[in-house]
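Colleague: Give me the fold of what follows.
(one chain, ligands or ions: 5)
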Amino acid sequence: MVVLWPLSGLRLCLLSAPSLVLFASLVSCAVNPDELHSGHWYKLGVEDITEALQRTQNTKVARNVLLFLGDGMGISTITAGRIFKGQKEGKSGEEGYLSFERFPDMALLKTYNVDKQVPDSAATATAFLSGVKGNFYTLGVTAAVKNGDCASSLLPENRPKSILTWAQETGKETGLVTTTRITHATPGAAYASSAQREWECDAKMKQEADPSVLHCKDIARQLVEDQPGMNLKVIFGGGRQALGAQFDNSTATSCRRLDGLNLAHKWQEMRQAEGASYAYVTNTGQLRDVNIDNAEFILGLFADNHIPYERDRDLGVAGEPSLSELTATAIKRLSRAEEGYFLIVEGGRIDHALHDGKAQLALEEMQTFDAAISTALELVDLDETLVIVTADHSHGLAINGYPERGNDILGTSFYKDGVTDGMPHMTLMFTTGPGFNFSYDGTKVARVNVSGVDANASSYMFPAAVPTKVGWSMHSGEDVAVHAVGPWSHLFHRTHEQTYVAHVIAYAAQVGPFAQQRPEAPHALCSSSAVAPQVFQAAVVLCAFLLLLQRV
Ligand SMILES: *[C@@H]1O[C@H](CO)[C@@H](O)[C@H](O)[C@H]1NC(C)=O
Ligand SMILES: *[C@@H]1O[C@H](CO)[C@@H](O)[C@H](O)[C@H]1NC(C)=O
Ligand SMILES: *[C@@H]1O[C@H](CO)[C@@H](O)[C@H](O)[C@H]1NC(C)=O
Ligand SMILES: *[C@@H]1O[C@H](CO)[C@@H](O)[C@H](O)[C@H]1NC(C)=O
Ligand SMILES: [Zn+2]
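Modeller: Numbers count the residues shown, from 1 in each chain. Ligands and ions are numbered 1, 2, ... in the order given. The predicted structure is shown next:
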């Protein structure tokens with residue numbers, strides 16, 4: 001509910017408060033009074049055009065690459081996350097930007113899997129991490145591998161290398177950070193090849209009807225025993241149980257090993273055998289105690305299953321570090337790499353909250369992800385570091401109706417003239433999900449009256465049009481955005497295949513398929529828009545000359 005007072009151009013908004021507490025929770029959402037005048041929008045126009053004209057194309061080799069992946073972070077989630085962030089700061093919210101929304105370059109990515117119109121996280125991760133599309137539920141393998149086909153997943157030609165391997169082959173150091181289990185789909189595709197994303201530990205493979213799948217290696221073992229996982233300098237996430245290193249033996253939360261291996265121990269033994277300095281940490285206090293200048297390898301496993309949602313995270317030293325703290329620690333460690341580094345950071349639980357129909361939690365996870373990106377931007381040199389922010393796929397989250405400016409993004413709105421049942425609706429709703437709440441009263445289908453619901457409560461599930469089991473709200477298939485800054489970020493410029501992300505990284509950093517040879521770019525001067533106006537004409541002549549030389 002929203003009340004607006006036209007008060008010499010200043011609007012005061014009340015953010016979705018039940019009517020009884022109207023005045024108790026009065027919030028000035030501070031819509032800028034300048035917005036009433038054309039001058040404000042003209043000024044923004046000039047500022048943005050000036051910025052656009054000053055864009056330069058950085059054609060240096062990217063020494064470092066930071067890939068931020070918001071799992072399930074479709075464009076509606078970005079928009080809602082932007083409004084949510086602004087409203088937390090006491091603003092109306094719509095006018096702001098997230099940390100990455102002012103990057104100079106962006107594009108759209110097509111996310112389909114080879115066998116699915118709407119994709120899953122494993123095959124999309126293969127796309128942006130290996131530059132090759134795969135089939136639904138397969139991870140780090142080409143589409144020649146069908147879901148569950150162990151034998152074909154073992155053929156070398158069906159196991160494309162990921163950007164981590166490319167980076168390591170050129171002497172770069174690598175890191176992987178996530179809020180999910182470290183063996184989950186997105187991080188898994190960075191280091192493993194598996195015909196089934198659920199083969200996170202041996203137990204899941206032993207459940208399969210076909211015993212020949214046991215010729216394949218589970219994802220957790222690939223992380224510790226094989227390349228490129230064994231060379232990762234930083235591994236931060238959850239998932240102790242899949243590695244056989246769980247604290248709680250009483251429950252099977254994900255995949256509990258049957259082979260008795262403790263891969264966290266094994267990882268430490270391998271470091272000892274190499275004579276390398278290392279740290280294995282399981283909580284925030286231990287992470288802070290690591291001597292970053294000394295430890296060569298750091299393994300941080302902060303939960304048996306996923307790291308808890310930001311809302312549920314234990315903020316104490318015995319609890320779990322924030323995604324920002326993990327990101328900062330990883331960057332500080334990797335910054336000493338002589339040949340540069342690649343770091344992948346996943347905000348993995350945006351997707352989980354959306355699967356639950358819990359937009360309130362998804363937007364908090366978005367805010368955490370955004371904060372981690374801000375933290376990283378303070379620590380890196382964008383002249384030599386390519387920073388990419390993207391998503392694997394979208395979700396069926398819609399921003400509905402005609403809510404007033406500054407209306408609580410988690411609140412309701414009511415379009416009396418259009419809605420036929422005379423009731424308000426939630427601004428955020430899902431196309432599919434567990435929050436389906438329609439009933440039939442004998443004459444008509446009715447939905448729940450959402451006036452006054454506590455949409456901030458952890459248990460609340462936003463309404464959905466198609467009912468699903470809890471946790472099973474589905475992905476959606478429209479394009480996702482990719483935002484980029486740093487060397488060669490301008491290679492993102494239109495609608496691309498999702499696989500393009502890995503190829504841009506390879507080109508920018510001169511690794512993998514572009515380690516030796518790259519398609520020829522026009523001379524740097526000719527492609528640069530940074531040329532000062534006074535030398536522009538001279539540059540044009542010079543460019544023409546250089547292009548002529550290139551031809552002869
Ligand atoms: C869990 O079980 C393993 C293997 O049986 C054992 O080594 C470990 O100490 C147990 N952990 C706890 C917390 O009981
Ligand atoms: C549907 O609405 C009823 C009545 O408000 C509520 O008791 C129930 O928990 C809701 N169910 C779901 C799945 O949201
Ligand atoms: C919906 O609930 C609100 C608040 O309880 C109430 O004022 C309103 O009349 C209800 N609308 C309908 C159509 O039942
Ligand atoms: C939403 O709930 C969280 C957790 O209980 C709380 O910290 C936060 O202040 C609540 N937000 C609002 C707007 O009430
Ligand atoms: Zn998902």
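
Colleague: Helix or strand for the closest residue to Gln227 other than its chain neighbours, just tell me which one.
Modeller: If the residues on either side of it in the chain are set aside, Gln227 comes closest to Thr165, at 6.7 Å by C-beta to C-beta, 6 or more residues apart in numbering. All C-beta spots, glycine's among them, are computed from the backbone N, C-alpha and C. Assigned by DSSP states H and E, Thr165 belongs to helix 163-169.

Colleague: then the helix or strand just after that helix to PDB, C-alphas only?
Modeller: Where DSSP H and E defines the elements, the next helix or strand beyond helix 163-169 is strand 173-181. Extracted C-alpha coordinates of strand 173-181, given in PDB (Å, rounded to 0.1, in the frame of the first residue of the first chain):
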ATOM      1  CA  GLU A 173      46.600 -19.100 -10.700                       C
ATOM      2  CA  THR A 174      43.000 -20.000 -10.300                       C
ATOM      3  CA  GLY A 175      40.200 -19.800  -7.700                       C
ATOM      4  CA  LEU A 176      36.600 -20.900  -7.300                       C
ATOM      5  CA  VAL A 177      34.200 -19.300  -4.800                       C
ATOM      6  CA  THR A 178      30.500 -20.200  -4.300                       C
ATOM      7  CA  THR A 179      27.700 -20.100  -1.700                       C
ATOM      8  CA  THR A 180      26.500 -23.500  -2.800                       C
ATOM      9  CA  ARG A 181      28.100 -26.900  -2.300                       C
END
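
Colleague: Please identify the pairing partners of strand 173-181 and their relative orientation?
Modeller: Using DSSP bridges, the strands paired with strand 173-181 are strand 234-238 (parallel), strand 341-347 (parallel).

Colleague: Packing partners of the following helix or strand past that strand?
Modeller: Downstream of strand 173-181, the first helix or strand assigned by DSSP H and E is helix 185-191. When contacts are defined as 3 or more C-beta pairs under 8 Å, 6 or more residues apart in numbering; DSSP states H and E, helix 185-191 sits against helix 121-130, helix 163-169, strand 173-181, helix 219-225, strand 341-347.

Colleague: try it again with 7 Å
Modeller: Here helix 185-191 touches helix 121-130, strand 173-181, helix 219-225, strand 341-347, going by 3 or more C-beta pairs under 7 Å, 6 or more residues apart in numbering; DSSP states H and E.

Colleague: tell me the angle the first one makes with strand 173-181.
Modeller: Orientation of helix 121-130 against strand 173-181 (axes from the mean of the first three to the mean of the last three C-alpha atoms, to 10 degrees) gives an angle of 170 degrees.

Colleague: Give the burial count for Tyr440, as a bare number.
Modeller: Other residues lying near Tyr440 total 8 when counted by other C-beta atoms under 10 Å.

Colleague: what about it, distance to Pro33?
Modeller: 49 Å (C-beta to C-beta, to the nearest Å).

Colleague: got the phi/psi numbers for Glu101?
Modeller: Backbone torsions for Glu101, taken as degrees, to the nearest 10, come to phi -80, psi -10.

Colleague: Any regions of this structure where pLDDT drops low?
Modeller: Residues of the chain that meet the criterion pLDDT under 70 lie in 1-30, 520-552.

Colleague: Verify the stated contact: Ala455 with Gln360.
Modeller: Yes - counting by C-beta atoms under 7 Å, Ala455 does reach Gln360; the two are 5.9 Å apart.

Colleague: between the two, what contacts are shared?
Modeller: Residues touching both Ala455 and Gln360 by C-beta atoms under 7 Å, 6 or more residues apart in numbering: Leu410.

Colleague: Looking at the strands paired with strand 173-181, which one is packed in the most?
Modeller: The highest average neighbour count among the strands paired with strand 173-181, using mean count of other C-beta atoms under 10 Å, belongs to strand 341-347 at a mean of 28.

Colleague: mind exporting that strand as CSV, just the C-alpha atoms?
Modeller: In CSV, the C-alpha atoms belonging to strand 341-347 read as follows (Å, rounded to 0.1, in the frame of the first residue of the first chain):
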residue,chain,number,x,y,z
TYR,A,341,44.8,-15.1,-12.2
PHE,A,342,41.3,-16.3,-13.0
LEU,A,343,38.7,-16.3,-10.3
ILE,A,344,35.1,-17.5,-10.6
VAL,A,345,32.6,-16.2,-7.9
GLU,A,346,29.1,-17.6,-7.8
GLY,A,347,26.1,-16.1,-5.9
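
Colleague: Need the nearest residue in space to Gln272, chain neighbours excluded.
Modeller: Closest to Gln272 by C-beta to C-beta, 6+ apart is Tyr278, at 8.0 Å.

Colleague: ignore the last one, Thr390
Modeller: Val482 (4.0 Å).

Colleague: Can you classify that neighbour as helix, strand or coil?
Modeller: strand (DSSP: H, G, I helix; E, B strand; the rest coil).

Colleague: Tell me how many other residues crowd it.
Modeller: That count, for Val482 with other C-beta under 10 Å as the rule, works out to 24.

Colleague: what sits against it?
Modeller: 106-107, 109, 388, 390, 492, 501.

Colleague: before we move on, back to that, would you mark the buried spots in the helix holding Thr165?
Modeller: 163-168 (16 or more other C-beta atoms under 10 Å).

Colleague: show me the contacts for Ala508.
Modeller: So Ala508 contacts 62, 386, 487-488 (C-beta under 7 Å, 6+ apart).

Colleague: got the phi/psi numbers for it?
Modeller: Dihedral angles for Ala508 - degrees, to the nearest 10 - are phi -60, psi -40.

Colleague: And Asn283, by the same measure?
Modeller: The phi and psi values for Asn283, taken as degrees, to the nearest 10, are phi -150, psi 170.

Colleague: thinking again about what came up before, what pairs with the residue nearest to Thr390 across the strands?
Modeller: Assigned bridge partners for Val482, using DSSP bridges, are Ala107, Thr390.

Colleague: and the gap between it and ligand 3?
Modeller: Separation of Val482 from ligand 3 (C-beta to the nearest ligand atom, to the nearest Å): 42 Å.

Colleague: Could you do Asn58 as well?
Modeller: 55 Å.

Colleague: Quick check: phi and psi on that residue?
Modeller: phi -80, psi 110.

Colleague: just Leu428 next, same as before
Modeller: Residue torsions, per degrees, to the nearest 10, at Leu428 are phi -100, psi 130.

Colleague: Same question for Leu386.
Modeller: According to degrees, to the nearest 10, Leu386 has phi -90, psi 120.

Colleague: For burial, what's the neighbour tally of it?
Modeller: 28.

Colleague: Does the closest residue to Asp314 other than its chain neighbours belong to a helix, a strand or coil?
Modeller: Excluding its sequence neighbours, the residue lying closest to Asp314 (C-beta to C-beta, 6+ apart) is Glu320, at 6.0 Å. Recorded secondary structure, Glu320: coil (three-state DSSP).

Colleague: what sits against Lys266?
Modeller: Contacts of Lys266 by C-beta under 7 Å, 6+ apart are Val224.

Colleague: 10 Å instead, please
Modeller: The contact partners of Lys266, by C-beta atoms under 10 Å, 6 or more residues apart in numbering, come to 221, 224-225, 243-245.

Colleague: Give me the buried subset of these.
Modeller: Counted by 16+ other C-beta under 10 Å, these give 221, 224, 243-245 as buried.

Colleague: Which single one of those residues is nearest to ligand 2?
Modeller: Among those, Leu243 lies closest to ligand 2 (C-beta to the nearest ligand atom), at 35.4 Å.
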